[in-house]
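Asks: I need the structure of the sequence given here:
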Amino acid sequence: MSDSAPALAARPATRTNPLAHTVTHTATRASSPPPYCGRFAPSPTGPLHLGSLVSALASYLDARAHRGRWLVRIEDVDGPRSPPGVAEQILLALQRLGMHCDEAPLWQSRRIAAYEQALAQLTQAGMIYPCACSRREIADSLAFRQQRLDHPLRHATLTYPGTCRAGLHGKPARAWRVRVPEDVERAQVRFEDRWHGPVEQNLATEVGDFVLKRADGQWAYQLAVVVDDAASQVTHIVRGADLLESTGRQIYLQRLLGLPTPAYLHVPVVENAAGEKLSKQTGAQALDLDRPMQMLHLAARHLGLPHSVCADSIESFYAAATQAWAARHGATELRHETPGARPKT
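Replies: Numbering: from 1, shown residues only. The predicted model follows:
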């Protein structure tokens, strides 16, 4: 995995950084990769549906094909979107479907202190600043810049223009952002996705400085996922392709925090009849757990596994599906990077 930013010089790992216990683990075992560890990390906004089952099954099969550990993390850090009892329903559904995690589930809502430590580390390094901009103000600023272009971009995204880098000018903070390199070449992030192949993203032109914490206390997904994956020593991340564009930001944060970068595989998302990603917001139906085999077969077909992966019991299904997955996405060398120095901005 590579990045077009200047080469990051390796630095000796220490035990003084509570976020970097995996750094010590990686550095002291440079001659042999760390043991495979994968995870499934659902947000408990509603019951499992076919789309979330596809992600769960892919991550589970990849872990079993590598003879590794498979963990479950409940991403309930956004409290208002996590109704009571839904997380427990998800865990029970995974058991009904024959997916049993190798450790007790991790709950993000119990990890706030770790996120605070990460933000403090980045703040001390001069990488964080408060931002007073609303989404409307960002959109208006981008629209003004578009009008001044000879050939305006038709599909410009809300790339943050860096308005508050120079200060709040008396306005209250709405969020805290992390700086990305201003130099376009240094802001280029490249990595190899095990499904999609080479992927690249320019953080300066496509993202801009991004939010890590909102003023209401809610933590951004990008920071929480990076901190938690490192704490659990996750080596392989298998998830839906809707998160592919988040990966560049996560790799950047990993480097800033001195944490290893896992290998990534992003599977195709399930879409509804209108071509929208299947989700609670787009009318996804809960899985029929009275027909677990049918649900598993549907997910396997979506992942491109052969029709020969057809069984009359959960045990025989996983035996066939794991073999088929290994044949297509077999055990690959762990692509852990040795953590390096903080990228320059």
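
Asks: which non-adjacent residue is nearest Glu200?
Replies: Arg190 (4.4 Å; C-beta to C-beta, 6 or more residues apart in numbering). (Each C-beta comes from the backbone N, C-alpha and C, glycine too.)

Asks: and the strands in the stretch 51-200 of the chain?
Replies: For the stretch 51-200 of the chain, applying DSSP state E, counting those that start in this stretch gives strands covering 69-74, 106-107, 128-131, 175-178, 188-193, 197-202.

Asks: now render those as a markdown table, adding mean pLDDT and distance to Thr45.
Replies: Putting the strands of the stretch 51-200 of the chain into a markdown table (pLDDT from 0 to 100; distance: least, C-beta to C-beta, whole Å) gives the following:
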| stretch | mean pLDDT | distance to Thr45 |
| --- | --- | --- |
| strand 69-74 | 98 | 11 |
| strand 106-107 | 96 | 15 |
| strand 128-131 | 96 | 26 |
| strand 175-178 | 97 | 21 |
| strand 188-193 | 97 | 26 |
| strand 197-202 | 96 | 26 |
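
Asks: which one of those lies nearest to Ala326?
Replies: Minimum separation from Ala326 across the strands of the stretch 51-200 of the chain (C-beta to C-beta) falls at strand 69-74, 14.6 Å.

Asks: quick one: neighbours of Gly126, just the number.
Replies: 10 (other C-beta atoms under 10 Å).

Asks: quick one: the helices in the chain?
Replies: For the chain, the helices defined by DSSP state H occupy 21-27, 50-65, 86-96, 112-124, 135-147, 203-206, 221-231, 247-257, 292-302, 314-329.

Asks: any idea of the mean pLDDT for the fourth one?
Replies: Just to be clear, that refers to helix 112-124. Helix 112-124 comes out with an average pLDDT of 98.

Asks: report the backbone C-alpha coordinates of it in CSV.
Replies: Extracted C-alpha coordinates of helix 112-124, given in CSV (Å, rounded to 0.1, in the frame of the first residue of the first chain):
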residue,chain,number,x,y,z
ILE,A,112,-15.2,7.7,24.3
ALA,A,113,-12.0,8.1,26.4
ALA,A,114,-10.0,6.5,23.6
TYR,A,115,-11.4,9.0,21.0
GLU,A,116,-10.6,11.9,23.4
GLN,A,117,-7.0,10.6,23.6
ALA,A,118,-6.7,10.5,19.9
LEU,A,119,-8.1,14.0,19.4
ALA,A,120,-5.7,15.3,22.1
GLN,A,121,-2.8,13.7,20.4
LEU,A,122,-3.7,15.3,17.1
THR,A,123,-4.4,18.6,18.8
GLN,A,124,-1.0,18.6,20.5
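
Asks: if you count contacts, what does it end up packed against?
Replies: For helix 112-124, the packing partners by 3 or more C-beta pairs under 8 Å, 6 or more residues apart in numbering; DSSP states H and E come out as strand 210-214, helix 221-231, helix 247-257.

Asks: reformat these as a markdown table; add distance to Val199, mean neighbour count and mean pLDDT.
Replies: Below are the helices and strands packed on helix 112-124 laid out as a markdown table (distance: least, C-beta to C-beta, whole Å; neighbours: other C-beta atoms under 10 Å; pLDDT from 0 to 100):
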| stretch | distance to Val199 | mean neighbour count | mean pLDDT |
| --- | --- | --- | --- |
| strand 210-214 | 18 | 20 | 95 |
| helix 221-231 | 16 | 23 | 98 |
| helix 247-257 | 7 | 23 | 98 |
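
Asks: quick one: low-confidence parts of the stretch 1-150 of the chain?
Replies: 1-31, 138-150 (pLDDT under 70).

Asks: list the beta-bridge partners for Ala286.
Replies: Beta-bridge partners recorded for Ala286 (DSSP bridges): His49.

Asks: His49 is in contact with that one, correct?
Replies: Yes: using C-beta atoms under 8 Å, Ala286 is in contact with His49, at 6.0 Å.

Asks: and the two? which has more neighbours close in?
Replies: Using other C-beta under 10 Å, the more surrounded residue of Ala286 and His49 is His49, with 20 against 13.

Asks: for that one, what are its contacts?
Replies: Counting by C-beta atoms under 8 Å, 6 or more residues apart in numbering, His49 touches 278-280, 284-287.

Asks: between the residues you listed, which sits nearest Val54?
Replies: Looking across those and measuring by C-beta to C-beta, the closest to Val54 is Leu278, at 9.0 Å.

Asks: and for the closest one, the neighbour number?
Replies: Neighbours of Leu278 using other C-beta under 10 Å come to 19.

Asks: contacts only, for it.
Replies: Leu278 neighbours (C-beta under 8 Å, 6+ apart): 49-51, 269-272, 284.

Asks: ok so, going back, for Ala319, which of the strands of the stretch 51-200 of the chain is the nearest?
Replies: Using C-beta to C-beta, the strands of the stretch 51-200 of the chain put strand 69-74 closest to Ala319, at 15.9 Å.

Asks: please consider this matter closed, and thank you.
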